[in-house]
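> pasting the sequence and the predicted coordinates here, then a few questions.
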Amino acid sequence: MRLRARTVLALGALVILAIPPVVFLGAALQAGLSLTGSFSAMSAQYTAPRQNLLVCGAVGLLPLALLAVVIGLMKRFAPRGPNRAVVAIGGLLPVLAVLLWVNWDFWPLFLPDRTYPGFPHGLGFVTGPLIFAPIGMAVGMLISWFAGRKDSQRR
């Protein structure tokens, strides 16, 4: 069975949406909240007007959409290029790393008191996915593109 780029993108979307609640739970447990307190804080954060966990995950889908567009362009303009799934993985890994970093940078400051640390904290939820993730994605895609080309030349 061969890995397809669509599968990589679909799994990436699920992981991106799972990062904020998982990091939130980890930060809550590390801050000393009980498991029940952590889950109740997480459910309250899903309905919060600021730093909503669903919105934090949804903003992370924007670099994934850009990655999907680039993979689609590869399919059209470079059909004999390296495996698109490998390039998708190469672009997805930096996006996931940036989203993990952004979430882990904010949630331990927010918990256990659930008070907002103030400006500029929380700004990373926007700058990470919109600026740093696409840059990392481009670098990761280039590295995997050239690694994939070397691998396809050996065959």
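Good, I have the coordinates. Numbering: from 1, shown residues only.
> where in the protein is pLDDT low?
Within the chain, the ranges that satisfy pLDDT under 70 run 1, 149-155.
> all helices of it, in order?
5-30, 35-46, 53-77, 84-110, 124-127, 133-154 (DSSP state H).
> buried deepest among those helices, which one?
Among the helices of the chain, the stretch with the highest mean neighbour count (mean count of other C-beta atoms under 10 Å) is helix 84-110, at a mean of 21. Every residue, glycine included, has its C-beta placed from N, CA and C.
> which other helices and strands does that one contact?
Applying 3 or more C-beta pairs under 8 Å, 6 or more residues apart in numbering; DSSP states H and E, one finds that helix 84-110 makes contact with helix 5-30, helix 53-77, helix 124-127, helix 133-154.
> measure the residue nearest to residue 7 when sequence neighbours are not counted to residue 100 for me?
In space, and not counting its chain neighbours, residue 7 is closest to residue 85: 7.3 Å by C-beta to C-beta, 6 or more residues apart in numbering. Using C-beta to C-beta, to the nearest Å, one gets 22 Å for the distance from residue 85 to residue 100.
> touching, the residue nearest to residue 7 and residue 3? I think so.
Yes - between residue 85 and residue 3 a contact is recorded at 4.4 Å, counting by C-beta atoms under 8 Å.
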